[in-house]
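Student: need a 3D model of the sequence below.
(one chain, ligands or ions: 2)
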Amino acid sequence: MQLKPISLKNECPCPVGREKVIIAGPCSAESEEQVMATARQLKEQGIRTFRAGIWKPRTKPGGFEGVGERGFPWLQRVQRELGMQVCVEVGNARHLEQALHYGTDMVWLGARTSTSPFATQEIADALRGVDIPVLVKNPINADLSLWMGALERISRSGVTRLGTIHRGFSSYEKTLYRYPPQWQMPIELRRRVPELTIICDPSHISGRRDLVPSVCQHAMDLGFDGLMIESHYLPDEALTDASQQLTPAELGQMLSMLELRVGVPTENLFADCREQMDKCDAIIVKALAERMRISRQMGDLKKKNNILVLQSARYEEVVNAAVAEGQSEDLSVDFLKKLFELIHAESINQQL
Ligand code: PEP
Ligand code: MN
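Tutor: Ligands and ions are numbered 1, 2, ... in the order given. Model (predicted):
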């Protein structure tokens with residue numbers, strides 16, 4: 001992908017003096033009083049970039065869908081009276097035009113918008129010639145190509161200050177998280193586009209305020225460039241996403257507790273471990289090759305005896321045995337299942 005975004009670190013400095021982009025504010029702008037009180041308290045915590053949803057993309061109709069245009073004068077007060085930058089979600093070209101009309105400093109595309117190439121392209125077209133910072137949330141479904149496609153559409157509009165927000169992915173299964181993070185997705189994005197600013201949104205990932213700190217720490221440990229966190233002066237009374245919002249004081253406290261690690265080791269600290277790991281990897285590759293050779297022999301036997309390739313009962317046996325063996329060696333059940341699903345699928349391929 002042709003992408004040359006620049007860092008957003010100067011736009012959204014971190015209050016605790018760390019080299020991180022920090023954006024905070026309520027899920028939704030609800031009233032002038034709520035916006036001003038929350039922004040004032042966030043400023044006391046050192047936050048300089050304030051977020052608030054003006055239009056809310058709700059899953060079901062009939063709920064609070066945002067205050068709309070009448071919320072912009074409140075955000076202008078935040079800019080004027082508190083000297084903070086403001087940032088809103090835009091879901092179509094009309095939203096963007098209004099946000100620009102009211103002098104919004106920065107915009108983001110939400111997870112439902114980046115899922116739609118039509119909506120994203122419409123916003124990209126409206127961004128031509130407008131150089132404000134733009135953040136693109138990951139699409140709600142875990143599809144890296146769609147995520148990168150949305151970034152590329154916005155990048156092609158000429159925006160130079162571009163970043164992305166990892167906010168987790170929808171899942172049919174009930175999990176601990178509201179939107180499971182699937183960390184391998186942003187990790188792969190970082191590998192493919194190393195220069196891209198990637199921010200984590202722990203609030204939508206967590207869905208519960210008690211999980212927010214650990215998700216933030218996880219993102220920091222992985223080297224994310226910053227955080228967008230939902231914060232409300234009276235979280236329990238919030239009209240949207242009440243259970244995941246922190247008070248500004250809780251947010252400030254959490255930020256001060258984050259541990260930040262350095263990027264690259266200065267000395268050859270890992271040489272020993274890496275050498276041992278490389279040896280293990282070579283053993284794994286040899287064992288896999290041997291297993292596939294045996295699979296092919298099995299395949300020949302099945303063919304000669306006119307027996308179906310897929311023996312489901314055997315599959316259960318293989319996975320259960322591996323899980324039992326691996327668990328006694330402290331490996332996670334989830335990892336073992338995924339690994340042996342892959343190994344089994346490749347074995348079947350070898351027999352076809
Ligand atoms: C939000 O930031 O409040 C929001 C609606 O986010 P998402 O698009 O990630 O659901
Ligand atoms: Mn929200």
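Student: what's near enough to touch Gln244?
Tutor: Going by Cβ atoms under 8 Å, 6 or more residues apart in numbering, Gln244 touches 27, 178, 203-204, 206-209, 212, 230. For glycine as for every other residue, the C-beta is placed from the backbone atoms N, C-alpha and C.
Student: those residues: which two are farthest apart?
Tutor: Cys27 and Arg208 (13.8 Å; Cβ to Cβ).
Student: so which of the two has more stuff around it?
Tutor: For Cys27 and Arg208, the more surrounded residue by other Cβ atoms under 10 Å is Cys27, and the numbers stand at 24 against 12.
Student: ok so, going back, could I get the contacts of Gln244 in JSON lines, plus columns for distance to Arg80?
Tutor: Below are the contacts of Gln244 laid out as JSON lines (distance: Cβ to Cβ, whole Å):
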{"residue": "Cys27", "distance to Arg80": "23"}
{"residue": "Arg178", "distance to Arg80": "35"}
{"residue": "Ser203", "distance to Arg80": "27"}
{"residue": "His204", "distance to Arg80": "29"}
{"residue": "Ser206", "distance to Arg80": "33"}
{"residue": "Gly207", "distance to Arg80": "34"}
{"residue": "Arg208", "distance to Arg80": "35"}
{"residue": "Arg209", "distance to Arg80": "30"}
{"residue": "Val212", "distance to Arg80": "30"}
{"residue": "Glu230", "distance to Arg80": "23"}
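Student: now, which of the residues you listed sits nearest ligand 2?
Tutor: Cys27 (3.3 Å; Cβ to the ion).
Student: quick check, Glu89 in contact with Ser114.
Tutor: No - assessed by Cβ atoms under 8 Å, Glu89 is found out of contact with Ser114, at 10.9 Å.
Student: run through the neighbouring helices and strands of the one helix or strand in the chain whose mean pLDDT sits lowest.
Tutor: Here the helix or strand of the chain ranked lowest by mean pLDDT, DSSP states H and E is helix 312-327, holding a mean of 87. Applying 3 or more Cβ pairs under 8 Å, 6 or more residues apart in numbering; DSSP states H and E, one finds that helix 312-327 contacts helix 333-351.
Student: pLDDT below threshold where in the stretch 101-250 of the chain?
Tutor: Along the stretch 101-250 of the chain, no part satisfies pLDDT under 70.
Student: can you map out the strands along it?
Tutor: Using DSSP state E, counting those that start in this stretch, the strands of the stretch 101-250 of the chain run over 106-109, 134-137, 162-166, 197-200, 226-230.
Student: any chance of CSV for those strands, columns mean neighbour count?
Tutor: Listed next are these as CSV, based on neighbours: other Cβ atoms under 10 Å:
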stretch, mean neighbour count
strand 106-109, 25
strand 134-137, 27
strand 162-166, 26
strand 197-200, 24
strand 226-230, 27
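Student: using CSV, lay out those together with distance to ligand 2.
Tutor: Below are the strands of the stretch 101-250 of the chain laid out as CSV (distance: least, Cβ to the ion, whole Å):
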stretch, distance to ligand 2
strand 106-109, 11
strand 134-137, 11
strand 162-166, 12
strand 197-200, 14
strand 226-230, 6
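Student: next, format those as TSV and append distance to Val21.
Tutor: Shown next, in TSV, are those (distance: least, Cβ to Cβ, whole Å):
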stretch	distance to Val21
strand 106-109	11
strand 134-137	9
strand 162-166	7
strand 197-200	6
strand 226-230	3
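Student: quick one: closest of those strands to Phe64.
Tutor: Here strand 226-230 is closest among these (Cβ to Cβ), at 15.0 Å.
Student: from the chain's centroid, how far away is the closest one?
Tutor: Centroid separation for strand 226-230 versus its chain: 11 Å, with Cα atoms, centre = their mean, to the nearest Å.
Student: what's it packed up against?
Tutor: If you count contacts as 3+ Cβ pairs under 8 Å, 6+ apart, strand 226-230 packs onto strand 21-25, strand 197-200, helix 202-206, helix 212-221.
Student: coming back round to it: need the CA coordinates for the least confident helix or strand of the chain. CSV is fine.
Tutor: Extracted in CSV, the C-alpha atoms of helix 312-327 (Å, rounded to 0.1, in the frame of the first residue of the first chain):
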residue,chain,number,x,y,z
SER,A,312,-13.6,-37.4,12.0
ALA,A,313,-13.3,-39.6,15.1
ARG,A,314,-9.5,-39.7,14.5
TYR,A,315,-9.4,-35.9,14.3
GLU,A,316,-11.0,-35.7,17.8
GLU,A,317,-8.4,-38.2,19.1
VAL,A,318,-5.5,-36.2,17.6
VAL,A,319,-6.6,-32.9,19.0
ASN,A,320,-7.5,-34.3,22.5
ALA,A,321,-4.2,-36.1,22.8
ALA,A,322,-2.3,-33.0,21.8
VAL,A,323,-4.3,-30.8,24.2
ALA,A,324,-3.7,-33.3,27.1
GLU,A,325,0.0,-33.5,26.4
GLY,A,326,0.4,-29.8,25.8
GLN,A,327,-1.5,-28.8,28.9
